[in-house]
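1. sequence? don't have it. structure:
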């Protein structure tokens, strides 16, 4: 315990003596010890404040949040699909009870048109869709918040442009009627093929048909060429005695 004496100076000599006492007091071991302790306490408090602030920032900003436990969708999950050999896995999963084993109620809904299935998907009328990569990107660009959850297959020659017997290549469809589904992968595919042959979409007469209808239109000779895919392409080629260009 430290004691202190108060001195009230009344004259110049008193003031001088007082300053001497104060100076000696500051230099005394007791004062040196006290101020060292105060300095150590202040430094320790500063370190604690910095550590506490750092911990708060880590917890609120930098610390990874705990992932929420996944929950199952309790209603019926309707997945829209269009005719395509690669989608057979969905029917196997349904018929073998794989969806049910996971506690899921899955319904597969058939669409003939990629455009119609995409419209229903964007409107929320179905919960999932067997989609094309290009269409999934397009749907995201127009504002749909969704994600690709499964890569199903690659098309290795199952998409194609087929034409009447007299047409041997892409250059041969210039000025001709070509059936394809507007705004889908078929249009992208056709535009790419035309550009590679020095042509534009304006160089042909477009006819809006989904892949199945496009193949039928070729068989009936309603169009000169069609953009389609399996299982419609091969049967149309044989029926029309046409060419895959």
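-> Received the coordinates, thanks. Note that this is a predicted model, so its numbers are computed, not measured. Residues are numbered from 1 along each chain as shown.
2. mind listing the strands for the protein?
-> 77-81, 106-110, 128-129, 159-163, 177-180, 205-208, 225-229, 243-244 (DSSP state E).
3. deepest-packed of those strands, please.
-> Compared across the strands of the chain, strand 225-229 shows the largest average neighbour count, a mean of 28 (mean count of other Cβ atoms under 10 Å). The way it works is simple: take the backbone N, C-alpha and C, and place the C-beta from them, glycine included.
4. tabulate the strands of the chain in TSV, adding columns for mean pLDDT.
-> Converted to TSV, the strands of the chain look like this (pLDDT from 0 to 100):
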stretch	mean pLDDT
strand 77-81	95
strand 106-110	96
strand 128-129	94
strand 159-163	95
strand 177-180	98
strand 205-208	98
strand 225-229	96
strand 243-244	96
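5. out of the ones you listed, the one nearest residue 116 is which?
-> Residue 116 sits nearest to strand 77-81 of all the strands of the chain, at 8.6 Å, using Cβ to Cβ.
6. so the closest one versus strand 106-110, what angle?
-> Angle, strand 77-81 to strand 106-110, by axes from the mean of the first three to the mean of the last three Cα atoms, to 10 degrees: 30 degrees.
7. quick one: strands adjacent to strand 77-81?
-> strand 106-110 (parallel), strand 128-129 (parallel) (DSSP bridges).
8. which residues touch that strand?
-> With contact meaning Cβ atoms under 8 Å, 6 or more residues apart in numbering, strand 77-81 is reached by 87, 90, 104-111, 117, 120-121, 125-130.
9. measure residue 77 to residue 198 for me?
-> 47 Å (Cβ to Cβ, to the nearest Å).
10. so who does the residue nearest to residue 153 when sequence neighbours are not counted touch?
-> Spatial nearest neighbour of residue 153, chain neighbours left out: residue 86 (3.7 Å); criterion: Cβ to Cβ, 6 or more residues apart in numbering. Contact partners of residue 86, counting by Cβ under 8 Å, 6+ apart, are 152-153, 155, 158.
11. just the buried subset of these, please.
-> Taking 16 or more other Cβ atoms under 10 Å as the criterion, what is buried in the contacts of residue 86 is residue 158.
12. for the protein, which segments count as helices?
-> 12-26, 29-57, 88-95, 98-101, 114-123, 133-141, 185-196, 211-219, 232-240 (DSSP state H).
13. what's the residue nearest to the spatial centre of the chain sitting at in phi/psi?
-> Geometric centre of the chain, nearest residue: residue 147, 4.9 Å, by Cα atoms, centre = their mean. The phi and psi values for residue 147, taken as degrees, to the nearest 10, are phi -150, psi 150.
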